[in-house]
Structures are given as C-alpha cells and as structure tokens.
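Peer 1: Just need the structure, nothing else, for what follows:
(chains A and B)
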Amino acid sequence: MTTSDGRPLKSALATAQRRAKRRAFLLVLPLLAFIVITFILPIGQLMHQAIYNDGFSANMPRTTAWFAETPPGTPPDEAAWEALAHDLRDAAAARTVGVVGTRVNYEMSGTRSLFTSTARGAARFEPPYREALIASDPKWDDPVLWGTMRQVSDAYSANFFLAALDMTRDVNGKIVPMPEDRQIYVSLFVKTFLLAGLITFTCFLLGFPIAHLLATLPMKWSNLLMILVLLPFWTSLLVRTTSWMVLLQTQGVVNNSLVALGIIGEDGRIQMIYNQMGTIIAMTHILLPFMILPLYSVMRPIPPSYVRAARSLGATSWTAFRRVYLPQTLPGVGAGSLLVFILAVGYYITPALVGGASGQLISNLIAFHMQNSLNWSLASALAALLLAAVLVLYWIYDRLVGIDNLKLG
Amino acid sequence: MSLPVYASPLERVWHYTRLVICALIFLFLIAPILIVIPLSFNAEPYFTFTEKMLAFDPSGYSLRWYDLLLTQPAIPTDVPRDAAWWAQVWNESAWVRAAKNSVIIGFFSTIVATVLGTIAALGLSRPEMPNRRLIMAILISPMIVPIIITATGLFFFYSSPCALISWTGLSQYCGRLTGSYVGVVLAHATLGIPFVIITVTATLIGFDQSLNRAAASLGAPPATTFFKVTMPLILPGVISGALFAFVTSFDEVVVVLFVAAHDQQTIPRQMWNGIREQISPAILSVATILVVISIAMLATLEVLRRRSERMRGVTPH
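Peer 2: Sure, this is the predicted structure:
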C-alpha cells in the first residue's frame, strides 16, 4: 500500500510517528532542562561533596606531593619534614591552616589545635626540620598522625560515608566500627525510620475512619466536610507548627484545660512538646491529609452494593467490612501510607521547632552539620544515604501506585 | 451515611460511636488552625486564653500584636499615624518587607513553574510521549526528595554556579546565586513544578484530543489552536496548579534559610526567627493572616473545580 504521493504507507506512518514523538518530547524538553540544572545538578554536586574534600590537599601541596610519591607506610624522611614545615608556614600565611587542621581532625580528633599552634611558629623553623617540629610539639612524631595525613592527602575518600555509617579506618586503613560512645548515625537512621513508621500508622488510624465517612456520605455533605481536610493541607506549615506549640506548651491551652477540668494537678502539667511526643503529634497532624486524600479517592468509587450483598448473604457487619470492603481499599492504604512515610522520613521543619532534643530526625542532623559543625562532607554523606532510602521508596511507590495517580485535593 | 433498617442494636451503638470518633478527628484536624485566631487578639503576652478573654470582656482583647507587625523593628508607635508614618511602615517594617519579598518571589517563581509546567504537561499527556514514566518521575521528584537535601545541594550549586558554564566563556556574566533573588526564585519554581505537572496532567486526562484535530482541520495554526481551544479548557487546572506553586513558594523556609541573604527574608523566614528566638503573640497574628489567606485560596480552588466540572460536562456523582 502507498500513500497518495506514492510513498510506502509503512514508512510514511513511521515518519509521522517519529515526528509526533519528537514534537511531544520537545514540549517537555524546556522543563526537563530546567529541572536538570536547578535540581539534578545540585544534587549531583552534593554527592560529589560527600566523597571529595580538598581541605588538606589544596592547602598542603608539598606534603601531598610527597605522599603521592612514596608508597603507603613509608616513615617520614627529611624531605617529608621539610615539605610539612614549608606547607605549614604557607598555610599560616594564607590563613588556611584551620581548614587543614579541621580536615585532619575529622579523622583523628584533637589534631586541629596541633596544626594551628605549630603553624604559628612555622616561619621560624630551620633545618633539620624533624627536630624543629618535634621540639614545637612531640605529637608530630606519632606514626598514626602521618598515616592519617596520608589518608586525607587524597581529596577523594569514602571516609565520610564510613563516618555516616558509624565506621572508621584504623592505622592500617582497615575498616572498623567506631568506638561505642561515638556511634550515633546508624541509631538515628533507625530512629527516623521507626518514628516515620509510627507517624504513618497513626495517620492511618486517624485517616481511615475519616476517608470512609467522606466516601460514604452523600456528595453534598462530603464536599463540605472535605474542606475540613483541605484547610489544614493549604495552611502554612509554620502556622500549623506554631499552633501546636501554642496548644501543647506546659502553660498552653491543652494543659490549662486539663488543669481547669481537674484531670491533672497544677504541678502535674504534661510535657507534650519539645520532645518526641511533640514531633509525633505535630507531624501526624501535618501529614494526615496526605493519607486521607488517596484513601478517599480509592474508597469513593467502591459501590455500596457489595457490602449490602455480603450482608444479605448472612455476613455480620464486621465480616462484610473485613472480607469485602477492606480488601478493596488496599490500593489506597498502600498509596497513602507510602506517601506519608516518604514525606515523614525526610521531615525537617517540624522536628526542628517542636522536637526538642529527643525528637530530632536525620534531616536535623544534616542541617546541624551544614550550619553549625560545618562538616559539609559528612552532611553530604548523610544526605546521600537518606536520598538513597527515599529514592528506593519512591521507586516502590511508582511500581505499586504509579506517579500518575498522585492526587492533590 | 445512614444506618440500614436491618442494623442490630450493637451496630447502632457502633454507628454513633464511629460518628463521635470522626468528629474528634475532625476537631484534631481543624482546632489547631482555628485556635490561633482568637489568641492573636490577646491583650496580654500569653499563649493561652486569659480569664478576661473567656469572660468576653472587651478589655481582654486588643490589636496590639497586629500593630507590632507594622512597627517592628523600630518604628515609633506614639506618633500621629499620617501619610509619612505609613510611608515609614511601608519602607522599614520588617514584616512588611518580608511580605513584599514573599509576594515578589512567589509571583516570579509561580510564573516560571506554571509556564514551563503547563507546556511540559501538554507533551506528557500526548500518547506518543517516549519514556513518559521516567520523565514524569524526574519531574515530580522535587516534591519527594527531602527539602533539606534539595537545600543543601542548592547551597553547594549556588556557591559556584559559574563552573557549569566556564566552557562557554560567559563566566564573566555569572556570579554567585546565594543571597540573590534569582537564586530563590529558581529554587522555588523547581519546588512548585511538580504541583503544576500533577494538576495540569490531571485536567488533560479528560481532554478530548479530537478538539485539537478539529481546530487544525479547520485551518487553525498550532498557536491559535492552543490559545483558542486547549487553553480555555485546561485553564482551571492551570490556575489551580499556579495556586499550588504560589503557596509552595509562599510557605517555603528551608531553601530560604540555606541560600538567601538578609535582603530576601520572606514571611516564613521571619516567622522561623520569631519562633526560634522569642515566640511572641505577634507570630499568632501573622498566622491568623496566613490562615485567612489559605481560606481564600481554598475557596478559589473550589470555585475553579466546580467550573471545570461544568465546562467539561463532568457531573459530580
């Protein structure tokens, strides 16, 4: 078969389809490019930061070169001492010795001050440099310190990921667990997942009855009550968090009401905020609409006649609910729970404001390392691990629910 | 839902218990939002109802916290409120400045997100779109990735964005994006895009593609088809997507914390300071204003939804 202008129909169709494909893709291309530049690239840079830190290598070029020339385990010779002394002198002049000390300090605590104090006198060092440096501070003779410096002289390192997993390298470069008292990150990851799971579960417990009620009421009424679900959804997160602070404070509305009702005494006021409980209550409230909306959209089309049929066949109301209604709602339960869990795992603002010390999640620690301790590489490694977890969950969500089925109001 | 006639007494009891439970959950949802409204009129610097307030004594209520919003940080309160005073408020009040920033940043990021998002949604909803699932997943990801990760990545990227275009030789026209309006606008647009994509593609699912073909067969060029046929039909979806994008920007604080400077302080950023340092009822008056705004947004959306259903002939079931 041929088209009117004589071309074979098959190839004409293929050309037309290719053109349609290209046209569809060209419509998406501007946005895709925008997202790649403003979102994917920054996250790539974050990943890079997690394995790259040139705090030592950029500011100690001679020492770095010596490490590169000699095989691992070489004891420092006079050339090495000279390189170190000159680098310390230059770093002190360029005011970068703090950066160098901080970088070494990440791997071996207590060394930052060694670098800064030695560098202060580095301009006056004279050969032989070994004696001059050891006279300045005997810690320079420590082979462990030289081993650590050799490790950090390579700007690329997996050590920040190891640190984020509570592991470290010993003198021989073997991977060993951190000392017990410095293991914090793995348990914080576990706690974050447990809290997110608990919040998802409370959201499910509170969201299911509401979604069921909305789905079974006549449309006129359910639209009206839906406003009560959507208003929190549309209200600023900070407003909702503030409200919970106001409500749950020890001198707040809830405690005052309980005292006025005589349920608790004046000195028995409950500490409901600035701890884990505050995080759980406020996050449940904030994430509840994300559970109710998917549940509702699955429940609404379920015909009420199914349950009626079950009842007419002799099922009790509980059996009819459990065997007939509940299985039909499972897609909604899965969609809502996954969405709430994904959002809860990465939550930052609410725990930061109402979580106190015990209600902090992994995001808060990332922010702490970014803003306070300034260990950006460790923050990036923690962020990369969190991102990996979220992406796995997102992939499962896409498999089970499909991103197209994400609904907002 | 009504109780069936064959319900047993136990089922009746359960039915009413269930209604009470639902009422309590609704209270849990809505009370925290409404509680800030009366408390913001407190005459005392407390976060709870004073006895005068409970007795509905007018002297227990005041507008002092709203007044504080106008006069922070250092605008005289005991002078006549003439045009010069209002001009000073407009230029110097920290909260007014934050509001201006929020509106400016929200406006531009909404435009970017809505224009790019709508065009992309048109492509995504074509049946010929290749790799649709993967591309959709990428475009929605800013909503899923924890905000702290996005903010951290943007902080690194904005500190040295020029490295990206060094090969073009245009680096001299390029500077740090931290502490700039452009940086915050681009970041907020990125965060708003998933909402535009979701709402516009949802509208396009019900869109009859043969209308476009009909317009084309009658001789309309693609642009005319788009503006005269497609656009009016998907407009409600586009507007609700834009509203979502605006609200996302208007409520965003973490990116602002990480990449903005003092000049780009927005309302949420100002609230964050207020909550972290010394929480005063002035925060509650801001909160009240924001609640009123979100009620207005919600009402707009509801009107749009009904209009869209009417236009597309979808009757609510």
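Peer 1: For the stretch 101-250 of chain A, which residues are neighbours of chain B?
Peer 2: By the rule Cβ under 8 Å from any Cβ of the partner chain, the part of the stretch 101-250 of chain A lying against chain B is A:206, A:209-210, A:213, A:216-217, A:219, A:223, A:225, A:227-232, A:234-247, A:249. Bear in mind the C-beta positions are built from the backbone N, C-alpha and C, glycine included.
Peer 1: List buried residues within those.
Peer 2: Restricting these to buried positions leaves A:206, A:209-210, A:213, A:216-217, A:228-232, A:234-247, A:249, with burial counted as 16 or more other Cβ atoms under 10 Å in any protein chain shown.
Peer 1: Which of the residues you listed fall in helices?
Peer 2: If you go by DSSP state H, those have A:206, A:209-210, A:213, A:216, A:228-232, A:234, A:237-247 in helices.
Peer 1: which residues touch the residue of chain A found nearest chain B?
Peer 2: Scanning chain A for the residue nearest chain B gives A:Gly346, at 2.3 Å (criterion: Cβ to the nearest Cβ). A:Gly346 makes contacts with A:Ser363, A:Leu386, A:Val390, B:Val145, B:Pro146, B:Ile147, B:Ile148, B:Ile149, as judged by Cβ atoms under 8 Å, 6 or more residues apart in numbering or on different chains.
Peer 1: Of those residues - the most surrounded one?
Peer 2: The residue in the contacts of A:Gly346 with the most neighbours, by other Cβ atoms under 10 Å in any protein chain shown, is B:Ile148 (29 neighbours).
Peer 1: check whether the helix or strand hosting it contacts chain A.
Peer 2: Using DSSP states H and E, B:Ile148 sits in helix B:147-159. Yes: Helix B:147-159 lies in contact with chain A when judged by Cβ under 8 Å from any Cβ; the contacting residues are B:Ile147, B:Ile148, B:Ile149, B:Thr150, B:Thr152, B:Gly153, B:Leu154, B:Phe155, B:Phe156, B:Phe157, B:Tyr158.
Peer 1: Can you report how many residues lie near residue 22?
Peer 2: All of this is about chain A. By the measure other Cβ under 10 Å, the count of residues near A:Arg22 is 12.
Peer 1: Sorry, I should have been clearer: chain B.
Peer 2: 17.
Peer 1: Name the nearest residue to it, sequence neighbours excluded.
Peer 2: The shortest distance from B:Cys22 to any non-neighbouring residue, by Cβ to Cβ, 6 or more residues apart in numbering or on different chains, is to A:Leu213 (4.9 Å).
Peer 1: How about A:Arg182?
Peer 2: Of all residues not flanking A:Arg182 in the chain, A:Asp166 sits nearest, at 7.5 Å (Cβ to Cβ, 6+ apart).
Peer 1: if I look at the one you found, how far off is A:Leu378?
Peer 2: Between A:Asp166 and A:Leu378 the distance, using Cβ to Cβ, to the nearest Å, works out to 12 Å.
Peer 1: ditto for B:Arg81
Peer 2: On the measure of Cβ to Cβ, B:Arg81 and A:Leu378 end up 53 Å apart.
Peer 1: which of those two has more neighbours?
Peer 2: It is A:Leu378, of B:Arg81 and A:Leu378, that has more neighbours when counted by other Cβ under 10 Å, with 24 against 10.
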